[in-house]
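Chemist: One predicted model, sequence on top.
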Amino acid sequence: MTAVVVEGSVGVVSRSVAEALAAGVAAGAVVCAALSDGPVPGWLVVEEIAADGAERQCAVVRLDGCSVVSAGPVTEVKVAGDPVPTEGEMPAWASALAASFWAARRARSEAETARSALARHQARLAGIEEAAHEYADANSLCERFDEFMVEQGLRPRSREYLCVVDATVRVRIAASGRNGDAAAGEITDEMVADAVAGLGVRLLADAIQDHDVVDVEEA
């Protein structure tokens, strides 16, 4: 147990919920959660049965039901002083709010565990793929190796190539003439180049109407 000082310089004993329960404090009582900015009263909700291999969870729910003040294993959550006398029993919504909080916390923990396991698996798989690529290169294996990798859902070897691409770009260019045909005849390569250069990356991407790869060679 730890002595803490609260408003008015009154010494108040802070203890874990496990210690409070052992001392006779009942679940459903109004207790004060021992927080860094001072005690906050709330309903004490304690998990009846702990999950396999886990410690029982508890929570202190604000009396107005707006939030969970503190939550965690019964040996870690701290309460200050003795229970606060109150009339009536703890409302059902307090238990429901605490249960929802625990479920959300467990779901986040399980999701993080799953993400970590997936990341480890992906890293291990990437290492295996890299080792396989090095072996294939060292032993001059043909494209059948890469086909096999693809068939197994694995990453094949990757090589660098230079692609020759014809692209159709649509731009608007101001020109003068006695009619439309005459104005079109005034368009020069320099005018087109200036118009394309003035588009910028984003507008240029929108201006590309079509493209065709006409040749591929190893880089």
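Modeler: Everything's here; your move. Since we're looking at a predicted model, the values are computed, not measured. Numbers count the residues shown, from 1 in each chain.
Chemist: Now do the same for the residue of the chain positioned farthest from its centre: helix, strand or coil?
Modeler: Each residue of the chain has a distance to the centre, and by C-alpha atoms, centre = their mean the biggest one is for Arg178: 62.0 Å. Three-state call for Arg178 (DSSP: H, G, I helix; E, B strand; the rest coil): coil.
Chemist: now the strands for the chain?
Modeler: 2-6, 10-16, 30-35, 38-46, 57-62, 68-73, 78-84, 161-169, 208-218 (DSSP state E).
Chemist: Same list (these) but as TSV, adding mean pLDDT and distance to Ala197.
Modeler: No exception for glycine: its C-beta is placed from N, CA and C like everyone else's. Formatted as TSV, the strands of the chain follow (pLDDT from 0 to 100; distance: least, C-beta to C-beta, whole Å):
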stretch	mean pLDDT	distance to Ala197
strand 2-6	38	69
strand 10-16	73	70
strand 30-35	93	62
strand 38-46	93	64
strand 57-62	95	63
strand 68-73	94	59
strand 78-84	91	67
strand 161-169	96	11
strand 208-218	94	15
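Chemist: Tell me if I'm right that Gly42 and Arg62 touch.
Modeler: Yes: with contact defined as C-beta atoms under 8 Å, Gly42 counts as touching Arg62 (5.0 Å).
Chemist: Could you please give me the overlap between the contact lists of those two?
Modeler: Taking C-beta atoms under 8 Å, 6 or more residues apart in numbering as the criterion, Gly42 and Arg62 both touch Val69.
Chemist: For these two, work out which one has more neighbours and name it.
Modeler: Gly42 (25 against 16; other C-beta atoms under 10 Å).
Chemist: bridging residues for the more buried one?
Modeler: Val31, Arg62 (DSSP bridges).
Chemist: could you list every residue that touches it?
Modeler: So Gly42 contacts Val30, Val31, Cys32, Ala33, Val60, Val61, Arg62, Leu63, Val69, Ser70 (C-beta under 8 Å, 6+ apart).
Chemist: Next up, the contacts around the second one.
Modeler: Taking C-beta under 8 Å, 6+ apart as the criterion, Val31 is in contact with Ala20, Val25, Pro41, Gly42, Leu44, Val60, Val79, Ala80, Gly81, Pro83, Val84.
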